[in-house]
Structure formats: C-alpha cells, structure tokens
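K.L.:
what follows is a predicted protein model with its sequence.
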Amino acid sequence: MRSRSAKQGFSLIELLVAVSITGVLFAGGLAAYKGIGARQLIKDAGASLQSSLRLYQQKALAGEKPQECAGDDKLLGYKVSYVNDEKKNSYLVEAVCELAKPAGLVISLPEGVEFKSAFVPEVIFFQVLSNHVEGAQTITLTTTDGSTSYQVRVDQSGLISGYLGPDRRSSPGKGSELISGLVYVLGTGAKVDLISGRCKLLSGESEAARPGKNSKVGVGGASFSVNTSGSFLINKLVADYPYSVGLTIGDEENYVCRCPSDCVYNGVYATASDLGFYVEEIGYKSVAGTVSIADNEAQVQMVEGKCQLASGSALMSKPGKGSKVSVGEESTNVSNQGAYAVDGLFKGIAYTVALTIGKPADYGCLCPPDCSYSGIKASAAGIDFYVKEIGNESVGGTVYIVDGEAQVQETEGKCQLTSGTPAAGKPGNGSKVAVGDQVTGVTSQGTYTIANLYKGVSYTAALTIGKPKLYECVCPGGCSYTGISASDSGVDFYVKAVE
C-alpha cells in the first residue's frame, strides 16, 4: 500500500477554493474603499459649494461691487443659478447692478459629482447689505453613480449648512436621542420668519394645534403622528447627525405651510426641543366688482358703503394697462372689460380694497374719491370703482371790487365794466371760485384759474365771497355764470361794498 508523500502539493480543488476566498475578500475591500472614496469626494464638493455661496453672500453683505458696477451705479446683490446643460455639474454666479450687467462666473463641481436636479426656485439671491436670502432652498449633490449624496441648505435668514445624505446608521430606531416640537396654527395677521434656522412668531397670535387628522412629522423614511395639541416626538435617533425633519399636513385643503415655507427643516440634530412648524388656514372667500369709466356728466354717489351711478353713463373698462385691485395682501389685474375678483380671503376679516390706476396721467378716481374702500368683508360683491378721464382745459378770470358809481353789464354771457374804475382784489379771506367740481381760492390780486376741465362740457362758474357781510355781487347775478365752456378766459366777477 502506497503512502502519501510529504512533498505532495495542494489539489486543484483546494487551490480553486483558496483563490475564490481571496477574490471575495478583495472585492469586498475594493467596494469598501470605493465607498469611502465616494463619500470623501461628495463631502469635498459640498464643502466647496458652501464656501462659494458664503463668499458671494459676504460680498453682498459688504456691498462689494465688481469693476463693471462702478461709479454711481448701485449694487443690488449677487445671484446664483443652475447651468442647465447635459453635464449637470455647473452653476453661474452673477453680480446684479442697477445699470451695468457684469459678466457672470461659471463654476463646475469636481469630476464625478453632479447636481441631482435644477435649482428650485431658479435663483438664489443674496441682497446687498442684508442677511435675507431670496430663493432659499436645499441643493442636493450626488455622485454620478448615485451612490452617495450631499445636501446644502440655504435658509431665508442667510444660514448656509451642509451634510451627507442619510445612511442606515442614522435611521430612526438606531439611537437613543430624540427631537420634539410643536405645530402652530397662525392667527389672522400674524407674522412669522426664519431666524437662526428656527421659525419664530414675530407678531400676532398662534395656537398649538394639529392641522387635520393624520398630520405627521417625518424623519429618514419614518413618520411620527402629531397629536391634537400640536406636539410631536421623534425618538430613537443617533447623536451628531443632521436630520431633515418634515411636516405632512393632514388637511391640505384647509391648511398650508407658512414657516418653513416648504414644511421642512434641514440640519436638525437630535436633542432639539424647539422645533416649531407654523401653518395657516387657506382662505376660500373672495371680493369682486368692476371698474367703470364715467362720462363727464355722470353723477356717482356712495350708497350704504358702495359707489353707485346716480345719473349719466359709465363704461366698464380698464383705465390703462397695469390697472389692478388689491385686497389686503392679495391683488389681481383688472380685465379689459373692467372686471376683477380677488380670491383666497378669510371670512370675518375687514379688508381694505384699493384700485391702482394703470394710467394715472389720463384717469382719476371719481368714487371712492381716494380709490379705496375700507372695512370690506370677504364674499362681498359689487365693490365697484368709478373713474373719469382727466381734463386738460381750464377757465380763468378776475374778481373786481367796484365803487358805487360803477356801471357793469353782461354782454354775450360775460360781465363787463361800462363806466367807473375797478380794482382787482379778493373780497375777504376764503373767497373762492368753483367751476363744476373743481374749486380754487381767489388770489390777493383777485385772479383765479381752474384746471383739469373737459372740452365741450358746459360748466357753471360760481364765486363764493369770503366776507359776505362786507361785499355783495354786482355781476353776474347771484355770483354765478352758466353755460361756461372750458378754455374760456375773462370769466370775471364784479362785487361792491355793502352799503
């Protein structure tokens, strides 16, 4: 019987097993190495983007103008926008000046990193000399293979933060820390803003409450119910990890997020206990009416708080491009047919309803006189505005004080002195002349001019004597002319001292 030699080598099967084990270990090590490399790449890209954003934020805060925005040109701020191309890895930074248009700078992410999507909103704008940011949002970077992500958050308050996307180690249920807070329903007129990464009530009232059944706060794929008193508790979180915490409103038909505007906080660490979400009720009421251009003879009066046409005619129409009606903070354009309706209002609130005329050089308010109603409740209809064309003609003349021997007669509709010597002057303080709806005071030299009248309209011109106990009218009788046309001059009044 043959025995196995001590020098005999490994069998083919043994060699194949050994090689397979080595390959598995190598593949695992290589995957881990690639994972570490991808995380470091995305972290570096995120840090670089944050640094770039902070640089131009500081330039805006300092009012640092580029060379193209020199002299008296005013810097408005710096804007950052996504470059929409196939590579998906570039963004554009531009200075915004009042006059000049400086060239922008395109900055690219490192190779292997791209933006997950375009910016929403499209532009991040850093206002000059202000911490406030327009277009606040979260920008997500990702490796081109999609294995790792990084988020950069730009808050309205100017806070810029960044963190790696969630991984399994940070999922709820893996730790022992917690986040808690409240959901608030804002009262009418309340103001809230994002300050140092947290929403704060600035004025008005709010009530901690649940905005509808099934309202939830979500973290990393897990959700936690909001109770009827508005409170929530997120537990079993890990320490030293920046979470995204979002509110899902249960009754979206009646509530909307006010702060954070997208109902999401980013970069929240476990142990936070001051997280506040602010929502407001959605308005369903409206205010509606029309805008009409009245003719020169039209008479409009206020009846029970609303303007109504008493005589003459008026055509529903838009008084110039850009005409709009505002109700509280809401506004809408006036249609070509003069109609408007402002929606999204709340029952029980007294609003101010105001008309902005698109061509103020051609039209003026007739009723309401200041183009504004006050104390209007939502669901009101027939909140109508009346405007009229602004006239460019005028009537002028002189007031004369004559002695008792003077002779004055009316010739061809105007008073004329036939004998005696007149003295132009004002018959007492408060003396004034009215032509139609226009009124002006008589100067110390006895002259007056009424402007903004309409050609072709027949007016009444009347003198009111400031000291009726000392002076009386000689001509015209009753101190009043009728049938006066615009552009008439020499529409003179004669008075004398009371005997």
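P.N.:
Noted; the coordinates are in hand. Numbering: from 1, shown residues only.
K.L.:
so what pLDDT did residue 24 get?
P.N.:
According to the prediction, residue 24 has pLDDT 55.
K.L.:
repeat that for residue 30.
P.N.:
On the pLDDT scale, residue 30 gets 43.
K.L.:
can you measure across stretch 307-325, start residue to end residue?
P.N.:
16 Å (C-alpha to C-alpha, to the nearest Å).
K.L.:
likewise for stretch 140-155?
P.N.:
OK, stretch 140-155 end separation, C-alpha to C-alpha: 14 Å.
K.L.:
for that stretch, buried residues please.
P.N.:
Neighbour counts using 16 or more other C-beta atoms under 10 Å place 141-143, 148-155 of stretch 140-155 among the buried residues. No exception for glycine: its C-beta is placed from N, CA and C like everyone else's.
K.L.:
show residues contacting it.
P.N.:
Residues outside stretch 140-155 that contact it (C-beta atoms under 8 Å, 6 or more residues apart in numbering) are 35, 38-39, 41-43, 45-46, 49-50, 53, 109, 112-117, 124, 133, 135-139, 159-165, 194, 197, 244, 266-267.
K.L.:
which stretches of the stretch 1-150 of the chain have low pLDDT?
P.N.:
1-10, 14, 17-36 (pLDDT under 70).
K.L.:
all the strands of it, residue numbers only.
P.N.:
Counting by DSSP state E, counting those that start in this stretch, the stretch 1-150 of the chain has strands at residues 75-82, 90-97, 105-108, 113-115, 123-127, 133-134, 137-143, 149-154.
K.L.:
may I see those arranged in a markdown table, with distance to residue 493 as well?
P.N.:
Conversion of the strands of the stretch 1-150 of the chain to a markdown table gives the following (distance: least, C-beta to C-beta, whole Å):
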| stretch | distance to residue 493 |
| --- | --- |
| strand 75-82 | 57 |
| strand 90-97 | 59 |
| strand 105-108 | 73 |
| strand 113-115 | 79 |
| strand 123-127 | 60 |
| strand 133-134 | 61 |
| strand 137-143 | 70 |
| strand 149-154 | 71 |
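K.L.:
I'd like to know which of those is closest to residue 362.
P.N.:
The minimum distance between residue 362 and the strands of the stretch 1-150 of the chain falls on strand 75-82, with 31.8 Å, by C-beta to C-beta.
K.L.:
hmm, back to that, let's see which of the contacts of stretch 140-155 end up in helices.
P.N.:
Per DSSP state H, helices hold the following members of these: 35, 38-39, 41-43, 45-46, 49-50, 53.
K.L.:
buried subset of those residues?
P.N.:
Of those, these count as buried by 16+ other C-beta under 10 Å: 38-39, 41-43, 45-46, 49-50, 53.
K.L.:
now stretch 277-284: average pLDDT?
P.N.:
Across stretch 277-284, the average pLDDT comes to 85.
K.L.:
only the C-alpha atoms, please, for that stretch, written as CSV.
P.N.:
Extracted in CSV, the C-alpha atoms of stretch 277-284 (Å, rounded to 0.1, in the frame of the first residue of the first chain):
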residue,chain,number,x,y,z
PHE,A,277,-43.9,74.4,12.3
TYR,A,278,-46.3,77.3,11.5
VAL,A,279,-49.3,76.7,9.3
GLU,A,280,-52.2,78.9,8.4
GLU,A,281,-55.8,78.3,7.2
ILE,A,282,-56.4,78.7,3.5
GLY,A,283,-58.9,81.3,2.5
TYR,A,284,-61.8,80.4,0.2
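K.L.:
now do it: everything it contacts.
P.N.:
Under the criterion C-beta under 8 Å, 6+ apart, residues 181-186, 190, 192, 199, 201, 206, 211, 217, 247, 249, 253-260, 263, 343-347, 378 lie in contact with stretch 277-284.
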